[in-house]
Structures are given as structure tokens and as C-alpha cells.
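*Asks:* Turn this into a structure:
(2 chains)
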Amino acid sequence: DAGVIQSPRHEVTEMGQEVTLRCKPISGHDYLFWYRQTMMRGLELLIYFNNNVPIDDSGMPEDRFSAKMPNASFSTLKIQPSEPRDSAVYFCASSLKAKLFFGSGTQLSVL
Amino acid sequence: AQSVTQLGSHVSVSEGALVLLRCNYSSSVPPYLFWYVQYPNQGLQLLLKYTSAATLVKGINGFEAEFKKSETSFHLTKPSAHMSDAAEYFCAVSDPRTDKLIFGTGTRLQVFP
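*Replies:* Residues are numbered from 1 along each chain as shown, chains lettered A, B, ... in the order given. Take a look at the predicted model:
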């Protein structure tokens, strides 16, 4: 298995633009997580899904953030409109039986 | 609610010395506990996990951790540090009823020759 695949690896955009981050979890995993990592706040859980259903989105910082999981093999995290303070590394992870595997992350820079 | 506290944001050791990274947890239910390692520009990689079996857990790269319920601790150790161990280490806790992980703030390990 190729592991958790995230795209793009790097994203540079201007304030106000829409940003979409993509994630392909490991086949057969039943949980999917979106985390954000910054120097100031460390690793924050934004939202997670179980069997494609959002379970807890209390970590989503604002209404500008939304996440979907239309099927077991794909999830998106969207920021609209983006702001400079959204600049961070966004990680997707999937798990089965409490063992999480992380993607390589998307480095987002909002200018 | 669950949380973890990692004591010391930076730890420096000499090559060959003992590595000790501290983690204390808080959980309202018997927890699962994890240590992850992150190398620069990479995602997190699982080192080891405790899931209510043996309290001394052995992981990859010679690391191990001991679950101590009385101290609510899950410290990570390695007898002899190697240069390649330099990375950021994260302790995490989860509720066994879900796979949701809550991470500590991380400890950056530096290894000097």
C-alpha cells in the first residue's frame, strides 16, 4: 500500500482565495483525521470521520473551514476564503484499530 | 476529556547517552497511549503504543515506554542515543472507544556527537 496520500505537497495562495486540500486514506481504514500543525499551537485535530461520516468537527477553527468525505477513498479540506493565519502544515491520517498512519502533509502558505 | 503534557520542549543528549522523554496524561477512561516521531518535512510515524496489555511497550528503533497508572505517565526511553534519533517526538492519548488521538506539544530531541 502506498500509505496516506495527500496533495498538493505545497500550496501558496493569496489571501481571499479558496484552497482545497486532498487526501486518499489507506484502503480498509475506517477512520480519517485532519490535523493542522503550527509552531504556536502544535498539532491540532480539526475534524475526523468514521466510515465516511463526520464524527467530531469541534476543532474546525471557523466556518471558513469545511471538510468532506464523499467515499471511503477520498477526503477534502477546504478553506474559503483563506487568510494568512491559516498558513500551516495540514496532515491527513487514517487508522484502523487505533493505529494511525499519517500522510506527508500539505504545506500551506497564504500571502 | 483527555490530554497529554510533555515536559520539556527540547532535550539534548550526547550520542550513546540515555534518552528520556517525559509524558503525563489525563483521561477519564482507561486510555490508549502512543509515541510518534516526526523527522523534518515528514509526517508522523508511530514508534509504539500501549493498549492495556503489557505495561512495558517496546517500539521501533530501540525505543520503549512504560505505562505507570499511579503516576499517569508514559515516558519514552532509549538506552543509547544515536545521531539518527534527532527528531521531534509526540506523545498522544486516545479513548479506546474511538481512534481519535490528542497530541502533546512535542519534544525536540537533539543528539550531539
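*Asks:* what sits against residue B:48?
*Replies:* Contact analysis of residue B:48 by Cβ atoms under 8 Å, 6 or more residues apart in numbering or on different chains lists B:34-35, B:57-60, B:63-65, B:76. Yep, even glycine has a C-beta here, placed from its N, CA and C like the rest.
*Asks:* Is it correct that residue B:5 is in contact with residue B:72?
*Replies:* No. Counting by Cβ atoms under 8 Å, residue B:5 does not reach residue B:72; the two are 9.5 Å apart.
*Asks:* list residues touching both of these two?
*Replies:* B:24-26.
*Asks:* Return the members of those classed as buried.
*Replies:* Neighbour counting over the shared contacts of residue B:5 and residue B:72 (16 or more other Cβ atoms under 10 Å in any protein chain shown) leaves B:24-25 as the buried ones.
*Asks:* so who does the closest residue in space to residue A:51 that isn't next to it in sequence touch?
*Replies:* Distances taken as Cβ to Cβ, 6 or more residues apart in numbering or on different chains place residue A:30 nearest to residue A:51, at 5.4 Å, with adjacent residues excluded. For residue A:30, the contact set (Cβ under 8 Å, 6+ apart) comprises A:50-51, A:95-96, B:99.
*Asks:* Please indicate which of the residues you listed are buried?
*Replies:* A:50, A:95, B:99.
*Asks:* Keep only those of the residues you listed that are in strands.
*Replies:* Among the buried ones among the contacts of residue A:30, DSSP state E puts A:50, A:95 in strands.
*Asks:* If you average pLDDT per helix and strand, which one of the chain comes out bottom?
*Replies:* All of this is about chain A. Counting by mean pLDDT, DSSP states H and E, the weakest-scoring helix or strand in chain A turns out to be strand A:99-102, with a mean of 89.
*Asks:* My question was about chain B, not that one.
*Replies:* When each helix and strand of chain B is scored by mean pLDDT, DSSP H and E, strand B:101-103 comes last, with a mean of 89.
*Asks:* Who are the packing partners of that one?
*Replies:* strand A:42-50, strand B:3-7, strand B:87-94 (3 or more Cβ pairs under 8 Å, 6 or more residues apart in numbering or on different chains; DSSP states H and E).
*Asks:* Distance to residue B:52 for those - can I get that in TSV?
*Replies:* TSV is the format used below for the helices and strands packed on strand B:101-103 (distance: least, Cβ to Cβ, whole Å):
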stretch	distance to residue B:52
strand A:42-50	21
strand B:3-7	17
strand B:87-94	12
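*Asks:* For stretch B:83-92, list every residue counted as buried.
*Replies:* Neighbour-count burial for stretch B:83-92, counted by 16+ other Cβ under 10 Å, picks out B:85-92.
*Asks:* Tell me the one of the residues you listed nearest chain A?
*Replies:* Nearest to chain A out of the buried residues of stretch B:83-92 is residue B:90 (Cβ to the nearest Cβ; 6.7 Å).
*Asks:* quick one, what contacts the closest one?
*Replies:* Contacts of residue B:90 (Cβ under 8 Å, 6+ apart): A:43, B:6, B:35-38, B:44, B:103-104, B:106-107.
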